[in-house]
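Peer 1: this one's structure only:
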Ligand SMILES: Cc1ncc(COP(=O)(O)O)c(C=O)c1O
Ligand SMILES: Cc1ncc(COP(=O)(O)O)c(C=O)c1O
């Protein structure tokens, strides 16, 4: 079933008017040899048939809701109000707000979002969103290289391995070098243009990057912080420890895990970097009547004006998911966000405590850690993850071998209860027996 | 967690302004002996906790989606567009449109709904909705008694037994009599003010009520038809066979089964009965500028004007679910509705065919039947229903004993496929072995 | 200047006017070719298909989305509609309902234990909140709850051989119209009791009407003036002394929920409006839900079925020989029950009490603000969740309402209760902030200070302006007709 | 007259301006008392909490609902934004996405077989529709698809030892800005090829630039003028003859989906915009999805992981030694993939072809209507899914756009492509009815016949009127600050 409204009569009149004898005739400019090929697709379904098919497909998945899988995506509670508001048809079915008079709703929402990200990160300027945390980092690093005029990036091993892979792809593209450093205390390579650290790091440890940021600056580099937005309710803001650029993954802010996407990335920078920013930016301004309004601004940074000289090729970004992030932040407020963070921390520490009492299980994340930690297991992690899944528990994200053998990540959120922790501990005990 | 916005400072200022020393003080007019009793309720939950509890609760249910349970509620496919549009916050969070300038959206939607019901039933006037099919019938019968000035109602046994029970309650209330007649050919009792028939009847049989309506009229009674809205895509409209009043259950029109409610009832009548109608009515009119608009009308029928002389006590009706019905009807159009009906009929006949080949199973509904039929089972129906449920199939609505022993209803919809029918037949065969 | 330049306000065509013959929207799975005449009987088939709209899915979406944008609701505007408790309806309720959407009322109870448990717990919780001993969840709305309650009372009297003797139901003149209408539907004669100068039932007048002929007194408490009936215990005593039953119209329970229980006030029957007090969305006028709670002595007469718990299993009990029968098919508006259940579980006892208290505080606060703005308060004492105000002499309530629409507010209930001239019945609810109340009071003040011409022409920028009600009543046009 | 009477258009305060210290909205489960300084290190804690808004849930709801009512979308208005394919996004897609919301990217693949099967089938279907041999679903949007595609081409050349030699990417001057921007991000030098008088790539100019230094030609076909590049087979041949790769920007695939496959046209790489052609809602600017399809010889360079099928099981294959690496975390914008999957399954081959053909028919029909209304069509021949028009001499495109807003239409894309002065790029899509096109054409005609003063002042009744762009650029104000 397709969604075209045309009746037979419509078709006839329209074809006549445009001077085509049939629909195929409209493609007269195309090489006829390649026109209208047979397509090997399944026969069309009606909506009723489709929904039954999708329910069958969905039944082959097991929900990871309220599970313990970590590694950048977590099962926080998503307040019902978040999707309810973001799903308003006007938001869903609009595009980039090039016509501001038709788009004050979105533009104001983005302006507010920019303010919230600025508040969280402690940096004065945030853009309207990036695709996700990994690409926000890649773009942040490119920005730092543009600004420093250098072609080398030093990245802490504590940065999410997938993010590092993405950064590498983007740096390879321009021929810049990515150097991995094991610890914030390690010396920086020469001619480094950007230093990147993640806090809390991939294994969950909390860092103070003040010294590292200073070292970066001393070496003529910019410091790029990768941060978890929920942690910023409690932890020092990147702006406070001297980060020039802060980026992160927005999923924990009211976005469904959705098998990894779509979510959104955020990016905030020092005021003087604003004209280096990739992506959309919304500014307040006034209309003909002197009324306050909002508009896309500094568009000379962007591809559609600057073409090959643009700061990035980014066009479509992640507006709707960023809007969900904004609704989440506004809905919880500073106190609510703090409670989410605090309870996540509390649960993670209680869980670490319980799990480390299991013979053979060893806490592998150096303290202090936040809401996530790694354990070393006496058994293959993939097997353990599968065995826990069979017991209905989504847990034990496998950690790449570069961090050590047989490590699994466990993340806690405010959704968890003592009973959840006990179930996991018990299941893990069984699985390891 | 409650939804009050008041901060401590708000509380203080507001209490001061109203001259109360604390919240309890506001209840100073109440007998202090009964004030602020201890309440034995579960401790408050947060939304996150609640959703987990609800998911657990929901897991104790088994979906009847695409099942074969009949008896007035059926699992038709609900096009996604129906709940998506009806759930627009403005519809959801408005109330009765007493202020028409603020409510043109709903008023126009109701006016359109009235037109659609009028079209379906072949009667010129429909009201804005009733609670459900059973109460629509009860009110329709009361209307007929008001109009005829009589106190006796003859109802065919083919009318849904729950509807008959509800009618009985309403008639008992005013001391009117309900007489059940077995067949449309049976003679009417004397002084009957209303004759009621259902088409298709409770067991699924299709009737032609032309003669019965004539007989009713000849006896000075009004004829009230209970109809299935989907069947009206194919079957004679009540207006065509002389019904004075048509009522029915709206659930099949885009409403979830929802364990029996909320749905909506519809009611349509002859033009001259309009001032006897219970419930809301919307009329077209014009505004100060001559622009077309919609408004509640003939309110002198209603309780808030007429009080004890009102046509009914109905106040809140079923506007949102009726709106879903309207969206459904408009979305499918005459052709779509016809296809739904036709496929339901086809599937029901194919199923009857398959099931009657099972030893001991006997078709118990006289032909012609529509999308639903009864079978006589060689085993206790409740047991069969339970056994089918264990096989994942929702089927076999138990039929009250007044229709005969061991009868089960089976309903088909356009959702069903040949494979579904085969699964049911196979499962039933197993269960009966 | 701008005004002359703008295009006329866009007309909103009917969906029928967007219809094009042969156009298709949602397509169901293909129906096989059937000889319908043979299968169903040609004499049973309809001659003409119903003239339903023929539109594509996008047109459908734009049509109803467009209509929604011509509609005010609580989610868009402050909506202090008295007697209606237009509080915030939490979004999580809609998610909750979705978890229970695919259950059929006739499926095996073993496969609906979650739904039955929910209903059972709700029955218990509503008993606890109202101070009653048993509850039915079946009635579809408040008015149907009233009918159910009154029929229970009737059955009770009948069981004591007093059916013939008790033919009168007493209702205060401030009562909602559904009360007398209900009593009529239950075959009773209605007697109106005047309100005293304090806005409460005139106790002496009431006592004068009380006697062995009285089946019930129907009261709303707080009453429709937003005032608590302070002599309620005395009224209950007087009623019970003559064998009458005391009926509680729960439309105003929001004022006292958890703070005072109708059962403790001496009421024998109570109906609740789950779509008011318990945040079921009003939906433009339903569907709602009107559970009825009763004291022990009335429990045998409740409608069937009741949800009961046997061991660990929940089931539907139809075995109620004294039941008044059934008032609605199946088990009530289950979807509404889910929302009320969720609400109670979220709030707990403290949240429920606090919400009631803040509803009362909001009303009193707003009352004070409106006094300063120049509104008259006919019964000026501590009100409950709502109060009745009057515009200053010379200003019509209708004009105030229409002026408010122009200011971006949904007006209060107007011209009700009938015993106050030019009544504005204002119920702000507990979910509105102090600033909203203040802004609203300022707007109310502004409206009454507008000149007469402005007032009588208002509203100006709503999708339509004042509509011709007389025309609609004289020549009602109740449906669209083809060829228009 | 009415205008003077109406209240000024309501200002829309920021959520921060609705914030009240101490006010609470959503409350999470209670956190235990923790000594955070001890647990996390006091030096690691932030000094000041972030100044997020403090609002209650109802205020939150009204705020964002209110904002949505200050916003146009496809669901509310005709939105013929060229190059963006603003077609109807079926509501069922949103339901479908909900069925897959609770999956974690790192859960055991055995527990995500449904999701993996969906991705696998989508990979296959997209190959079939584009005529490619392998697909990655990872890129997050069209522009990222471009980068992915160009990096694949680079890796291919590198694998043949030609990395140093091929430093140039050719892009027509009509190309979308993301094409040259992408080539730059991939370290290439961009060379613009002029368009010929027929609106197509100037073949001679192209050939003149072709040589062993060229890595790729990026083409959009139909191009951004809505014209099919008729010499595409010749271009492909010429490109391949010098070892260059041909890149297909799929933003305009809607015109030819199913009717002609980029693979068959000779393209080596194609990106798709699932948020255009495959009805993922545009969301106000994403999230989208930009899968990339490649021919066999480029398959080894695709990003990891790929979804593969082994026996009956689906899994993620990371073992791609020649891969360009990863371009986005996890497996792409899965939610967008669900929608595209659903769309393809609903339409089937016939529906896809028919939709493309009707998109083309709609554009041509509208083009004819606009000509009659007085618009100029710089390249007036059978267009594809969109076309470029110009207002009559003396009327500015900007004014046409603003006038359309006043008439209740979202304007077309304006001032793009850059090679046409005062361009209006109109893409009606296949989901708009004939009447909508006709009404729009009439409105376009009306607008250009308005007087200059009206035009330059338009729009009048939108939530704001024309905004001061210069001020925003000179003194950008990019966030709200406390104390304002
Ligand atoms: C005081 C009072 N009683 C009864 C009712 C009737 O309730 P419902 O509308 O739910 O039938 C109402 C509601 O409008 C009311 O305000
Ligand atoms: C022709 C063309 N190419 C590429 C793009 C970039 O795609 P996206 O916005 O998905 O990144 C666009 C979209 O705006 C486009 O129109």
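Peer 2: Everything's here; your move. Only a predicted model underlies this, so the values are computations on that prediction, with no experimental measurement involved. Residues are numbered from 1 along each chain as shown, chains lettered A, B, ... in the order given. Ligands and ions are numbered 1, 2, ... in the order given.
Peer 1: which SS class is residue A:188?
Peer 2: coil (DSSP: H, G, I helix; E, B strand; the rest coil).
Peer 1: now for the residue in the stretch 51-200 of chain A that ligand 2 sits nearest to: which residues touch it?
Peer 2: Of all residues in the stretch 51-200 of chain A, residue A:96 sits closest to ligand 2, at 7.7 Å by CB to the nearest ligand atom. Every residue, glycine included, has its C-beta placed from N, CA and C. For residue A:96, the contacting residues are A:280, A:296, A:315, A:316, A:319, D:282, D:284, D:285, by CB atoms under 8 Å, 6 or more residues apart in numbering or on different chains.
Peer 1: need those in TSV with neighbour count, distance to ligand 2 and pLDDT, can you?
Peer 2: Formatted as TSV, these follow (neighbours: other CB atoms under 10 Å in any protein chain shown; distance: CB to the nearest ligand atom, whole Å; pLDDT from 0 to 100):
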residue	neighbour count	distance to ligand 2	pLDDT
A:280	28	11	96
A:296	23	14	97
A:315	28	3	94
A:316	29	3	95
A:319	29	11	98
D:282	30	9	97
D:284	30	12	97
D:285	29	8	97
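Peer 1: just so I have it, where are all the helices in the stretch 251-400 of chain C?
Peer 2: Secondary structure of the stretch 251-400 of chain C (DSSP state H, counting those that start in this stretch): helices at C:262-265, C:334-373, C:397-406.
Peer 1: would TSV of those with mean pLDDT, mean neighbour count and distance to chain A be doable?
Peer 2: Listed next are the helices of the stretch 251-400 of chain C as TSV, based on pLDDT from 0 to 100; neighbours: other CB atoms under 10 Å in any protein chain shown; distance: least, CB to the nearest CB, whole Å:
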stretch	mean pLDDT	mean neighbour count	distance to chain A
helix C:262-265	98	23	31
helix C:334-373	98	24	10
helix C:397-406	97	23	19
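Peer 1: okay, and the closest residue in space to residue A:309 that isn't next to it in sequence sits in which element?
Peer 2: In space, and not counting its chain neighbours, residue A:309 is closest to residue D:184: 7.4 Å by CB to CB, 6 or more residues apart in numbering or on different chains. Using DSSP states H and E, residue D:184 sits in helix D:178-185.
Peer 1: pull up the gap between whichever residue of the stretch 201-350 of chain C sits closest to ligand 1 and residue B:31, please.
Peer 2: Taking CB to the nearest ligand atom, ligand 1 has its nearest neighbour within the stretch 201-350 of chain C at residue C:251, 3.2 Å off. Distance, residue C:251 to residue B:31, using CB to CB, to the nearest Å: 21 Å.
Peer 1: swap in residue C:441?
Peer 2: Where residue B:31 is concerned, residue C:441 sits at a distance of 32 Å (CB to CB).
Peer 1: who's more crowded, the two?
Peer 2: The neighbour comparison of residue C:441 against residue B:31 (other CB atoms under 10 Å in any protein chain shown) goes to residue C:441, with 22 against 17.
Peer 1: let me know the helix or strand that the more buried one is in.
Peer 2: Going by DSSP H and E, residue C:441 is in helix C:434-449.
Peer 1: that helix - contacts with which helices or strands?
Peer 2: Packing contacts for helix C:434-449, counted by 3 or more CB pairs under 8 Å, 6 or more residues apart in numbering or on different chains; DSSP states H and E, involve helix B:8-18, helix C:334-373, helix C:397-406.
Peer 1: is stretch A:218-236 positioned near chain B?
Peer 2: No - figure legend: stretch A:218-236 not in contact with chain B (CB under 8 Å from any CB of the partner chain); closest approach 13.8 Å.
Peer 1: for stretch C:54-70, that is, sorry about that
Peer 2: Yes - with CB under 8 Å from any CB as the criterion, chain B is reached by stretch C:54-70 at C:54-55, C:57, C:60-61, C:63-70.
Peer 1: ok, how many other residues are close to the residue of the stretch 201-350 of chain C closest to ligand 1?
Peer 2: 27.
Peer 1: my read is the residue of the stretch 51-200 of chain A closest to ligand 2 is in a strand, agree?
Peer 2: No - with three-state DSSP as the criterion, residue A:96 is coil rather than part of a strand.
Peer 1: C-terminal to the lowest-mean-pLDDT helix or strand in chain C, what's the next element?
Peer 2: The least trusted helix or strand in chain C, going by mean pLDDT, DSSP states H and E, turns out to be helix C:2-5, with a mean of 51. For helix C:2-5, the following helix or strand on the C-terminal side (DSSP H and E) is helix C:36-40.
Peer 1: in the stretch 151-300 of chain A, what residue is nearest chain B?
Peer 2: residue A:254 (12.2 Å; CB to the nearest CB).
Peer 1: do whichever helix in chain A runs longest and chain D meet?
Peer 2: Secondary structure of chain A per DSSP state H: the longest helix is helix A:319-355. Yes - applying CB under 8 Å from any CB, one finds helix A:319-355 touching chain D at A:319-321, A:323, A:327, A:329-340, A:342-343, A:345-346, A:349.
Peer 1: is that helix in proximity to chain B?
Peer 2: No - counting by CB under 8 Å from any CB, chain B has no neighbours in helix A:319-355; the shortest distance is 9.2 Å.
Peer 1: for that helix, which positions count as buried?
Peer 2: A:319-352, A:354-355 (16 or more other CB atoms under 10 Å in any protein chain shown).
Peer 1: mind checking how far residue A:406 is from residue A:352?
Peer 2: Distance from residue A:406 to residue A:352, counting by CB to CB: 17 Å.
Peer 1: before we move on, what about residue C:475?
Peer 2: Counting by CB to CB, the gap from residue C:475 to residue A:352 is 77 Å.
Peer 1: before we move on, the earlier item: restrict the contacts of residue A:96 to those near chain C?
Peer 2: Answer for those near chain C: none qualify (CB under 8 Å from any CB).
Peer 1: pick out the most distant pair among those residues.
Peer 2: Within these, A:296 and D:282 form the most distant pair, 15.3 Å apart (CB to CB).
Peer 1: which residues of the stretch 251-400 of chain C lie near ligand 1?
Peer 2: Within the stretch 251-400 of chain C, the positions near ligand 1 by CB under 6 Å from any ligand atom are C:251, C:273, C:288, C:290.
Peer 1: residue A:68: which of the residues you listed is nearest?
Peer 2: Using CB to CB, residue C:288 is the member of those that lies nearest residue A:68, at 41.8 Å.
Peer 1: quick one: contacts for the closest one?
Peer 2: B:316, C:140, C:141, C:142, C:273, C:274, C:275, C:276, C:280, C:282, C:333, C:336.
Peer 1: now, of those residues, which are buried?
Peer 2: B:316, C:140, C:141, C:142, C:273, C:274, C:275, C:276, C:280, C:282, C:333, C:336.
Peer 1: still on that earlier bit, which elements pack onto the longest helix of chain A?
Peer 2: helix A:81-86, helix A:89-92, helix A:104-121, strand A:372-376, strand A:407-411, helix A:418-432, helix D:36-40, helix D:57-68.
Peer 1: which of these is buried the deepest?
Peer 2: helix A:104-121 (a mean of 28; mean count of other CB atoms under 10 Å in any protein chain shown).
Peer 1: what about that helix and chain D, touching?
Peer 2: Yes - using CB under 8 Å from any CB, helix A:104-121 comes into contact with chain D via A:104-106, A:108-109, A:111-112, A:114-116, A:118-120.
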